[in-house]
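My questions concern the predicted model and sequence given below.
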Amino acid sequence: MLKDFISMIKNTFKNLDKTALHILKKGLKFCSILCIISILMLIIYQSTISPPFMFELGLSIFKLSSIFAIEFIICAIAIDTIKKQIV
């Protein structure tokens, strides 16, 4: 059952439209950059004496980048599905 689900996900990403795949890749790169920035902020907070808002800001940016990554994946699949139904 798990293998079927994983193969279905792989097939979905293999069959994505070129524009949806391009947007997905650019979006995930953007989310990765945000995630790296947030991790650097959290490392700076941990290694130095920083105000508490530095921790909250780093954690908030990390959450935001994770949510954006999931949104890009879901929207790419949804747009591809809608395009294939229209055509």
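Done, it's in.

Show me what counts as buried in the helix or strand containing Leu64.
Using DSSP states H and E, the element containing Leu64 is helix 52-86. Neighbour counts using 16 or more other Cβ atoms under 10 Å place 57-58, 61-62, 65, 68-69, 72, 76-77, 79-80 of helix 52-86 among the buried residues. All C-beta spots, glycine's among them, are computed from the backbone N, C-alpha and C.

Just give the closest residue to the residue sitting nearest the centre point of the chain, not the sequence neighbours.
The residue at the geometric middle of the chain, judged as the C-alpha nearest the mean C-alpha position with Cα atoms, centre = their mean, is Ala69 (1.4 Å). Leaving aside its chain neighbours, Ala69 sits nearest to Cys31 (4.1 Å; criterion: Cβ to Cβ, 6 or more residues apart in numbering).

Helix or strand with the lowest mean pLDDT in this protein?
helix 2-14 (a mean of 86; mean pLDDT, DSSP states H and E).

Could you list the low-confidence segments of the protein?
Low-confidence segments of the chain, defined by pLDDT under 70, span residues 87.

any idea how far Gln46 is from Gly58?
Counting by Cβ to Cβ, to the nearest Å, the separation of Gln46 from Gly58 is 10 Å.

ditto for Leu16
Here Leu16 is placed at a distance of 32 Å from Gly58 (Cβ to Cβ).

One more: Ile23?
Here the criterion is Cβ to Cβ. By it, Ile23 lies 27 Å from Gly58.

what does Ile86 give?
Taken as Cβ to Cβ, the span from Ile86 to Gly58 is 42 Å.

do Leu40 as well
With distances defined as Cβ to Cβ, the gap from Leu40 to Gly58 amounts to 8 Å.

now Ala69
The gap separating Ala69 from Gly58 is 17 Å, by Cβ to Cβ.

what's the answer for Phe5, then?
Applying Cβ to Cβ to Phe5 and Gly58 gives a distance of 34 Å.

Over to Ile9?
31 Å.

What of Lys3?
Spatial separation of Lys3 from Gly58 under the definition Cβ to Cβ is 38 Å.

Noted, bye for now.
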